[in-house]
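K.L.:
Quick one, fold the following:
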Amino acid sequence: MHQLGYPRYAVHSTDLGWLVGSWMAGDHASNLIAHSSDFWFNPPNATDLERYARGETTAEENAAIEGMCSDYRYYVCVNILTALHS
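P.N.:
The predicted structure is shown next:
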């Protein structure tokens, strides 16, 4: 954006662009005015993963957790699982 003459800017992302928008928000926070997105991502939290590990989640919860941990959001689950076992 600097090459285009914009020292400060906003980012809007959707779907997989959410990853790019989140990366920009982290790496260029001093230049970013805002990051908006219509992509809703609600990852499993530590309690969800503990229940999953104990076999206390429903079939629907299992499918959601396994789906989130098997695609591009895998890193989120790895970070939560790492924190659980630290």
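K.L.:
Leaving out chain neighbours, which residue sits closest to Phe39?
P.N.:
Once flanking residues are discounted, Phe39 sits nearest to Trp18: 4.0 Å by Cβ to Cβ, 6 or more residues apart in numbering. For the C-beta atoms, the positions are set from N, CA and C on the backbone; glycine is no exception.
K.L.:
swap in Thr14?
P.N.:
Using Cβ to Cβ, 6+ apart, the nearest residue to Thr14 is Asp38, at 5.1 Å.
K.L.:
quick one on the thing from earlier: Ser37 is in contact with the residue nearest to Phe39, correct?
P.N.:
Yes - the pair Trp18 and Ser37 qualifies as a contact (Cβ atoms under 8 Å) at a distance of 5.2 Å.
K.L.:
just to revisit the earlier point, burial measure for the residue nearest to Thr14, as a count.
P.N.:
As a burial measure, Asp38 scores 10 neighbours (other Cβ atoms under 10 Å).
K.L.:
What of Tyr52?
P.N.:
Residues contacting Tyr52 under the criterion other Cβ under 10 Å number 19.
K.L.:
Thr14 too?
P.N.:
With other Cβ under 10 Å as criterion, Thr14 counts 11.
K.L.:
one step back: need the per-residue pLDDT for the residue nearest to Thr14.
P.N.:
Asp38 is assigned 83 on the pLDDT scale.
K.L.:
How much space separates it from Trp23?
P.N.:
Asp38 sits 17 Å away from Trp23, going by Cβ to Cβ, to the nearest Å.
K.L.:
Identify the residues contacting Ser36.
P.N.:
Taking Cβ atoms under 8 Å, 6 or more residues apart in numbering, we find Ser36 in contact with Ala10, Val11, His12, Ser13.
K.L.:
Out of the helices and strands in the chain, which is least certain?
P.N.:
Sorted by mean pLDDT, DSSP states H and E, the helices and strands of the chain end with helix 74-84, the least confident at a mean of 59.
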